[in-house]
Every structure is written in C-alpha cells, then in structure tokens.
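Chemist: structure for the following, please:
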Amino acid sequence: MPGGVREKLLGASARTLDRLLAPLRCSGAGRSRTRPGTLLRHQIPIRGSVWEENQAGWLEVDTVALCGGSTAGEYVWMLDAVDYATTWVEVRGIWGRGQAGTLAALQDLEGSLPFALLGLDSDNGGEFLNYHVLHWLQKRPRPVFMTRSRPFKKDDNAHVEQKNWTHVRQNFGYERHDNPEVVQPINALAKGAYGQLLNYFHASLKLERKERVEGRLKRVYGPAQTPLARVLASPEVSPQTKRRLAQDKARLNPFALKREVDRSLKTIASLRQARP
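Modeler: Numbering: from 1, shown residues only. Below is the predicted model:
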C-alpha cells in the first residue's frame, strides 16, 4: 500500500470511512428473501408440541442467498439444516432456488445424516412448501413429519437462523456468487473437510432448561460438546454408525482440515470473481 494512502486511512475517522464505504456496502443485507408458498400452507401444520425434541432426526432447514445484495438474475443459495437434538449441521449449495433443485439438495443432505430423518421444519418459503418436497417426505415406508414456522416469526427457527450466520455467512460472506461453477466445489467442501470440521471438532453449548430465580429468568446450559459427541450419545443412532464415525474422527487432523477449508474457500472466491 502506498505510504500516502496508508496515512490517509489511519487518519480517517470512523464516520468518514462509513460515508466513503456506503455505496459499496450491501444495501440488501439482512432483508428477508422468503417467497411465500401458499399452495400447501393449510395442509402443513405449524410446529408446536408435535416435535420430539430430545430425539435425533428432527431438522430445522432454511436457505441463505449469496446474492451480494441484489436479487436480480440467478445466483447460489445455501441450504442449511441443523438437527435440534444433536446440533449436527449439513449445508449444500444450490443454483437458484427452484423446487427441483431444493429437493435434490435435501435428498443429498439426508444421505449424509448419521441418523434417520424423522421431521423437517422450515419457514413458509415456496422452495419447501411444495408437492415435490411433500411427496418425497410422505411417500416412503416411514413418512417424515413436515411442519412450518409461523409467518414473519424467525424465532420459530432460531437454531437454523443461528447456523445461517456461524456456518454460512462467516465463511461464504455476503458477496454475490453468480457463477454456477462454484456450486460443485462448495458442495465438495461441505460434504468433506468443512462438514467434518463443524461436526467432529466444533463444540457448542446447548440450552438444557430455564429457571426463574427471584423473578428473573436464568438459562442453564449443559457442557460444551461437539455434534459428534451428541450423536455418539444418542440412542437413535445405530452402533455400527457410531463405530464408523469414531473411526473417521480418529483419522482426521483438525488443523489439516482447517487448512483445506481455507484453500477451498480461496478457490471458490476465485471462481466467483471469474464470472462466465
């Protein structure tokens, strides 16, 4: 960086920097891009006490737009899913947000779960509330229960909304991904090093209960655990799957995984900038 530019940057106030950067910032960041799916809304119940929240297999799902603040044209969406009981997370990249593409991503995501899919909870977006997804969940020997959140109530999907930030935005950012060639490396990373790093080595706290002490609400959290540790303790997971997961983790090095994730993110960023 030239010395004159460096001196100007160090001498600029926060207000001056905000004013200069205002045209470059994503004006649409944080705006909801959920397209309501009204066709099946009355057939899919709002999530309530129907969930068995202590049982692995009940997933909250959502989509995140990598649009760079502009919804014009086609771009990559990230499908994010988190299991309520174990906090196991899976993410997938989708080109566009069509019903067929979302269904294919959900099917691929289910194949990576270490437990059976029992329930699926989404917002009211049309990519989830459609006959493609509903038939896929119900036309099987053991139907999967599908629920939805209340309209305009993001707290109903609080767990996946949190992962949208920690597992999608913090790594893929807000930049526009409008090159379809990035979808394949994103999914290869999500099913490989990135997914292993998140589920095998990243510990998190989980709320166990709420107590009211002297008129104030107190949240009590359990010990920090990785999603893998919660899966290994879950009675819904078969012993064979537990042995396979434990063997997989024993062969992995978290520092090597982190280096691989960083290299892959740089490759994805290069592809994103090299638009066709």
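Chemist: centroid-nearest residue for this structure?
Modeler: residue 80 (2.7 Å; Cα atoms, centre = their mean).
Chemist: is it correct that it is in contact with residue 160?
Modeler: Yes - between residue 80 and residue 160 there is a contact under Cβ atoms under 8 Å: 5.7 Å. Bear in mind the C-beta positions are built from the backbone N, C-alpha and C, glycine included.
Chemist: residues contacting residue 202?
Modeler: 226-227 (Cβ atoms under 8 Å, 6 or more residues apart in numbering).
Chemist: for it, give its distance to residue 63.
Modeler: Distance of residue 202 to residue 63, computed by Cβ to Cβ, to the nearest Å: 22 Å.
Chemist: same check, this time on residue 242
Modeler: Counting by Cβ to Cβ - residue 242 and residue 63 are separated by 31 Å.
Chemist: helix or strand: which one has residue 59?
Modeler: Assigned by DSSP states H and E, residue 59 falls within strand 58-66.
Chemist: could you dump that strand to PDB, C-alpha only?
Modeler: Output of strand 58-66 as PDB, limited to C-alpha atoms (Å, rounded to 0.1, in the frame of the first residue of the first chain):
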ATOM      1  CA  TRP A  58     -35.800 -33.600  13.700                       C
ATOM      2  CA  LEU A  59     -34.300 -30.900  11.400                       C
ATOM      3  CA  GLU A  60     -34.800 -27.200  11.000                       C
ATOM      4  CA  VAL A  61     -34.000 -26.100   7.400                       C
ATOM      5  CA  ASP A  62     -33.500 -22.700   5.800                       C
ATOM      6  CA  THR A  63     -32.000 -21.100   2.700                       C
ATOM      7  CA  VAL A  64     -29.500 -18.300   2.600                       C
ATOM      8  CA  ALA A  65     -29.000 -16.100  -0.500                       C
ATOM      9  CA  LEU A  66     -25.400 -15.500  -1.700                       C
END
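Chemist: number the residues from 59 up from this point.
Modeler: Done: numbering now begins at 59, and the last item shifts to strand 116-124.
Chemist: which strands or helices does it pack on?
Modeler: Contacts defined by 3 or more Cβ pairs under 8 Å, 6 or more residues apart in numbering; DSSP states H and E place strand 116-124 against strand 134-141, strand 177-180, helix 216-221.
Chemist: count the residues that sit near residue 162.
Modeler: 15 (other Cβ atoms under 10 Å).
Chemist: that one and residue 80, how far apart?
Modeler: Residue 162 is 39 Å from residue 80, by Cβ to Cβ.
Chemist: again with residue 112
Modeler: From residue 112 over to residue 80 (counting by Cβ to Cβ), the distance is 47 Å.
Chemist: hmm, back to that, in a markdown table, list the helices and strands packed on strand 116-124 along with mean pLDDT.
Modeler: Formatted as a markdown table, the helices and strands packed on strand 116-124 follow (pLDDT from 0 to 100):
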| stretch | mean pLDDT |
| --- | --- |
| strand 134-141 | 95 |
| strand 177-180 | 90 |
| helix 216-221 | 87 |
